[in-house]
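In: Test case, fold it:
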Amino acid sequence: MRYITNTAEQQQEMLEEIGVSSFEELIVTIPEGVRFEGNLDIPGPLSELELEEHLAALAGQNADFSSLKPLLGAGAYRHYVPRAVSALLSREEFYTAYTPYQPERSQGILQAMFELQTYLSRLTGMEVVIPSMYDGASAVAEAALMTLRLTKKNKIIISSALHPHYRAVIETYTGPHETEIIELQYRDGLVDISGLKEILADDTASVIVQSPNFFGGIEKIAELAELTHDRGALFIQVVAESISLGILKSPGEMDVDIVAAEAQSLGMDLSFGGPYNGYLAARKKFLRQLPGRIVGETVDRDGKRAFVMTSRAREQDIRREKATSCICSNHGLNIIASDIYLSLVGTEGLHEIALLNTRSAHYLEEKLVSGGSFERIYDYPFFNEFLLRSKKPILEIRELLLKNGFIPPLSPGVFLGDEELENTALFAVTEIFNRGELDHIAEILA
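Out: Model prediction:
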């Protein structure tokens, strides 16, 4: 049955079970002055058919990705997700799986976690991976706390080109630790390397840089990591757009210590802001300070392949007073979605998708600039996002795009409060756009 109401007799039974005689007695602690009196203005009952039609009409007033294609990114990217992902995710054994507290009964979800750890280790070039955090922002904050524990220092340098939401979560997590946060300014859309040289000190715990950064720019990670290590600090690379790992050098190749990233692009649809799935990757020597859980492969007493949780004593449900974090949840469906997606596209497929993102973004950027309505404010290498200044009012640009079936790009000045970013637009272009659509966008904005 799609809707089950309670009879008066059932309601009375529930009240008696609670220990009250009436509904009024149940809400006696709520002051009378704030209680609603009278009847709610609700229309009369509808048949099931009428109700379905009414709800469909209401839903039809919403915009969705079948009617609008997004030029908006900034940490939330629409990629093509093969239908096989949703079809397989809907299987009952996947849909009902949760935190694997009993390994002997949880071999399926443990294997899924192990497989994603393997994929992400290959993509990041790191030795150990936590495959499931709350999201990319909390993964970055956990990485920052790791560096405080590892170095016994209390100063963190954060790039101004880090996603502002990620920055806010870092400040929340580190607040109780009285951590000193120093801002590393950007120049021409990338980290100011000379500025980093000036502010790096022996008491610095870590340097946090996003690449591709908030403006889509590809940072000189190897050079930044070397500078950081020369002063005895740890280097954290943030990756909000994991598809970029299909074409860029891995963080491990560039001597990064910790990777804090978001896996949303790897098989997860956008849906009102979530759910996302963050992940942490690090050098093996930092294993004991990683939060969350890692799955290991072993054999059982009969010599058969088996999976177990390893180093789990770091979780707050095991030894709360010594735990590295209170992370204790597990994004089972997100993990399986990424597993299925990466299994389907494979190494070459992921490279092709990343290459298509890059070419499409550079194609549109060139068309917009040559069309005369936009100009470059930064000359920087970028992946699938780029920043341009509009010669027309941004509101006019937004209205044109919405009228033609496209969700407008982000106005970054709203987030960063930088006068240099006034009347700018941060475009995101993924493989969902074909050349005809990119030409049409350039034409209507020219």
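
In: ranges for the helices of this protein?
Out: Taking DSSP state H as the test, the helices found in the chain are 8-18, 23-26, 48-59, 83-89, 92-95, 107-124, 136-151, 164-174, 193-199, 221-230, 332-370, 394-403, 413-416, 435-445.

In: so what's the residue nearest to residue 73 when sequence neighbours are not counted bridging to?
Out: Spatial nearest neighbour of residue 73, chain neighbours left out: residue 428 (2.6 Å); criterion: C-beta to C-beta, 6 or more residues apart in numbering. To be clear about C-beta, it is placed using only N, CA and C from the backbone, and glycine gets the same treatment. Note on residue 428: beta-bridge partners by DSSP bridges are residue 385.

In: Hmm, residue 79 and residue 428 touching each other?
Out: No. When contacts are counted by C-beta atoms under 8 Å, residue 428 is not listed as touching residue 79 (10.6 Å).

In: Show me which of the two is the more surrounded one.
Out: Neighbours were tallied for residue 428 and for residue 79 using other C-beta atoms under 10 Å; the higher tally belongs to residue 428 (25 against 21).

In: residues in contact with the more buried one?
Out: Contacts for residue 428 (C-beta atoms under 8 Å, 6 or more residues apart in numbering) come out as 70-74, 77, 216, 361, 384-385, 409-410.

In: how about 10 Å then?
Out: By C-beta atoms under 10 Å, 6 or more residues apart in numbering, residue 428 lies in contact with 70-78, 216, 241, 357, 361, 383-386, 407, 409-410.

In: quick one on the thing from earlier: adding distance to residue 304, mean neighbour count and mean pLDDT, write the helices of the chain out as JSON lines.
Out: Converted to JSON lines, the helices of the chain look like this (distance: least, C-beta to C-beta, whole Å; neighbours: other C-beta atoms under 10 Å; pLDDT from 0 to 100):
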{"stretch": "helix 8-18", "distance to residue 304": "48", "mean neighbour count": "11", "mean pLDDT": "92"}
{"stretch": "helix 23-26", "distance to residue 304": "55", "mean neighbour count": "11", "mean pLDDT": "91"}
{"stretch": "helix 48-59", "distance to residue 304": "49", "mean neighbour count": "10", "mean pLDDT": "93"}
{"stretch": "helix 83-89", "distance to residue 304": "25", "mean neighbour count": "14", "mean pLDDT": "93"}
{"stretch": "helix 92-95", "distance to residue 304": "20", "mean neighbour count": "11", "mean pLDDT": "84"}
{"stretch": "helix 107-124", "distance to residue 304": "10", "mean neighbour count": "21", "mean pLDDT": "94"}
{"stretch": "helix 136-151", "distance to residue 304": "34", "mean neighbour count": "24", "mean pLDDT": "96"}
{"stretch": "helix 164-174", "distance to residue 304": "41", "mean neighbour count": "18", "mean pLDDT": "96"}
{"stretch": "helix 193-199", "distance to residue 304": "51", "mean neighbour count": "13", "mean pLDDT": "96"}
{"stretch": "helix 221-230", "distance to residue 304": "42", "mean neighbour count": "17", "mean pLDDT": "98"}
{"stretch": "helix 332-370", "distance to residue 304": "21", "mean neighbour count": "19", "mean pLDDT": "96"}
{"stretch": "helix 394-403", "distance to residue 304": "57", "mean neighbour count": "15", "mean pLDDT": "94"}
{"stretch": "helix 413-416", "distance to residue 304": "52", "mean neighbour count": "15", "mean pLDDT": "80"}
{"stretch": "helix 435-445", "distance to residue 304": "51", "mean neighbour count": "16", "mean pLDDT": "97"}
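
In: Next, format the ones you listed as TSV and append distance to residue 209.
Out: Output for the helices of the chain, formatted as TSV (distance: least, C-beta to C-beta, whole Å):
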stretch	distance to residue 209
helix 8-18	55
helix 23-26	55
helix 48-59	42
helix 83-89	31
helix 92-95	36
helix 107-124	15
helix 136-151	11
helix 164-174	11
helix 193-199	9
helix 221-230	6
helix 332-370	20
helix 394-403	28
helix 413-416	16
helix 435-445	30
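
In: Kindly provide the distance from residue 290 to residue 279.
Out: Distance, residue 290 to residue 279, by C-beta to C-beta, to the nearest Å: 11 Å.

In: The two - which one has more neighbours?
Out: The residue with more neighbours, out of residue 290 and residue 279, is residue 279; 30 against 23, by other C-beta under 10 Å.

In: any idea how this structure splits into domains?
Out: Domain assignment for the chain by automatic domain parsing gives 69-79+347-445, 83-341.

In: I'd like to know how many residues surround residue 106.
Out: The number of residues packed near residue 106 is 21, by other C-beta under 10 Å.

In: Mutual contacts of residue 290 and residue 279, please.
Out: Shared contacts of residue 290 and residue 279, defined by C-beta under 10 Å, 6+ apart, comprise 129-130.

In: which ones are touching the residue nearest to residue 161 when sequence neighbours are not counted?
Out: Of all residues not flanking residue 161 in the chain, residue 213 sits nearest, at 3.9 Å (C-beta to C-beta, 6+ apart). Going by C-beta under 10 Å, 6+ apart, residue 213 touches 159-163, 186, 189-191, 219, 238, 240, 380, 382-383, 385.

In: make it 7 Å
Out: 159, 161, 219 (C-beta atoms under 7 Å, 6 or more residues apart in numbering).

In: are any of those buried, and which?
Out: Buried subset of the contacts of residue 213 (neighbour count, 16 or more other C-beta atoms under 10 Å): 159, 161, 219.

In: Please name the bridge partners of the first one.
Out: On the basis of DSSP bridges, residue 159 is bridged to residue 184.

In: hang on, the earlier thing: show the model's pLDDT score for the residue nearest to residue 73.
Out: pLDDT for residue 428: 98.

In: do the same with residue 44
Out: Residue 44 is assigned a predicted lDDT (pLDDT) of 81.

In: Quick check: the gap between it and residue 364.
Out: In terms of C-beta to C-beta, residue 44 sits 52 Å off from residue 364.

In: Please apply the same query to residue 123.
Out: Taking C-beta to C-beta as the measure, residue 123 and residue 364 are separated by 26 Å.

In: returning to what we had before: residue 415: which of the contacts of residue 213 is nearest?
Out: The nearest member of the contacts of residue 213 to residue 415, counting by C-beta to C-beta, is residue 161 at 11.5 Å.

In: Can you verify my assumption that that closest one contacts residue 214?
Out: Yes. Here residue 161 lies in contact with residue 214, judged by C-beta atoms under 7 Å, at a distance of 5.1 Å.

In: which stretches of the stretch 201-350 of the chain form strands?
Out: Secondary structure of the stretch 201-350 of the chain (DSSP state E, counting those that start in this stretch): strands located at 204-210, 234-239, 258-262, 278-282, 294-299, 305-310.
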